[in-house]
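Participant: need a structure here:
(one chain, ligands or ions: 1)
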Amino acid sequence: MSAATLEQGLAELGLHLSPETQARLAAFAALLQKWNRVYNLTSIRDAGQVVTHHLLDSLAVLPHLAGIATLADVGSGGGLPGIPLALAAPDCHPALAVTSIETVNKKASFQQQAKIELGLANFTVVNERVENVRPEAKFDAVISRAFSELSDFVGLTAHLLRPGGRFLAMKGVYPREEIARLPAGFRVVEGHPLTVPRLGAERHLIILERN
Ligand SMILES: C[S@@+](CC[C@H](N)C(=O)[O-])C[C@H]1O[C@@H](n2cnc3c(N)ncnc32)[C@H](O)[C@@H]1O
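Facilitator: Numbers count the residues shown, from 1 in each chain. Here you go, the predicted model:
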């Protein structure tokens, strides 16, 4: 993994993370690559692409998390975007706690191992189908990347949100057709184009609320 690519990418995102946090992000990337061989966590195997497609892509949403203290990452796979967000939070969003929900046991086990190895106090793993999760306290927001189309995302996760909570959907091209298929009771309140350094692909963060 190129530490310089990460450092430069973070600067382009306007994120000021300490050298220690950057080292922990690099350590997570190394864990992901190491365990990918066994657990098949991601199709991305190139070290540089792990930085752009996983670390920087996940962290690009950070400026849009203002006011959110509890965040559920649904269908998190190898811990994306949840683990990079939890790693960066102490430097730029100290109130943030991330709960990661993943149904596949081996992926959740990887995340638990990463939590232990990286000492992630603000990160919790739940190995369960999201529809079966009944949190003690509902979340300020739920986020997902590459999980499902918008209508399924809101349908499967609405029970996790506190009143006034928000759905954050990380998407590629602006998902006009998915928005048109949203069920009644949900609306898009913000749509942000995201520029992820060196990714070379469109990204959008779509923010939704209940009506
Ligand atoms: C395409 S992967 C995306 C993983 C990660 N978010 C990323 O961007 O790399 C979708 C993940 O959602 C998980 N998943 C699918 N249905 C789920 C459900 N009902 N509850 C929890 N996780 C689910 C799958 O096991 C898979 O790991």
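Participant: specify the local secondary structure of the residue in the chain sticking out farthest from the centre.
Facilitator: With distances taken as CA atoms, centre = their mean, the residue sitting farthest from the centre of the chain turns out to be Ala184, at 25.9 Å. Under the three-state scheme (DSSP: H, G, I helix; E, B strand; the rest coil), the conformation of Ala184 reads as coil.
Participant: secondary structure element holding Thr100?
Facilitator: Let me fix one detail, which is that residue 100 is Ser and not Thr. Remark: Ser100 resides in strand 97-102, with elements defined by DSSP states H and E.
Participant: quick one: average pLDDT of that strand?
Facilitator: Per-residue pLDDT values across strand 97-102 average out to 98.
Participant: swap in stretch 183-191?
Facilitator: 97.
Participant: who touches the worst-scoring helix or strand of the chain on mean pLDDT?
Facilitator: Lowest mean confidence among the helices and strands of the chain (mean pLDDT, DSSP states H and E): helix 47-49, at a mean of 88. Judged by CB atoms under 8 Å, 6 or more residues apart in numbering, the contacts made with helix 47-49 from elsewhere in the structure are 1-2, 5, 29, 33. In short, each C-beta sits where N, CA and C put it, glycine included.
Participant: run through this structure and note the low-pLDDT ranges.
Facilitator: Regions of the chain meeting the criterion pLDDT under 70 cover residues 1.
Participant: go again with 90.
Facilitator: Flagging of the chain using pLDDT under 90 yields the residue ranges 1-4, 37-48.
Participant: quick one: the strands in this protein, in order.
Facilitator: For the chain, strands defined by DSSP state E occupy the ranges 70-74, 97-102, 123-127, 139-145, 161-171, 186-194, 203-210.
Participant: can you redo the ones you listed as a markdown table with distance to Ala60 and mean neighbour count?
Facilitator: Formatted as a markdown table, the strands of the chain follow (distance: least, CB to CB, whole Å; neighbours: other CB atoms under 10 Å):
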| stretch | distance to Ala60 | mean neighbour count |
| --- | --- | --- |
| strand 70-74 | 15 | 26 |
| strand 97-102 | 16 | 24 |
| strand 123-127 | 19 | 21 |
| strand 139-145 | 11 | 24 |
| strand 161-171 | 9 | 18 |
| strand 186-194 | 5 | 14 |
| strand 203-210 | 7 | 18 |
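Participant: closest to Leu87 out of these?
Facilitator: Closest approach to Leu87 among the strands of the chain (CB to CB): strand 123-127, 8.3 Å.
Participant: okay, which residue is most central for the chain?
Facilitator: Using CA atoms, centre = their mean, the residue of the chain that lies closest to the mean C-alpha position is Pro81, 2.1 Å off.
Participant: isn't that residue right up against Val61?
Facilitator: Yes - Pro81 is in contact with Val61 according to CB atoms under 8 Å; the separation is 6.5 Å.
Participant: find residues that contact each of these two.
Facilitator: Common neighbours of Pro81 and Val61, counting by CB under 8 Å, 6+ apart, are 143, 170.
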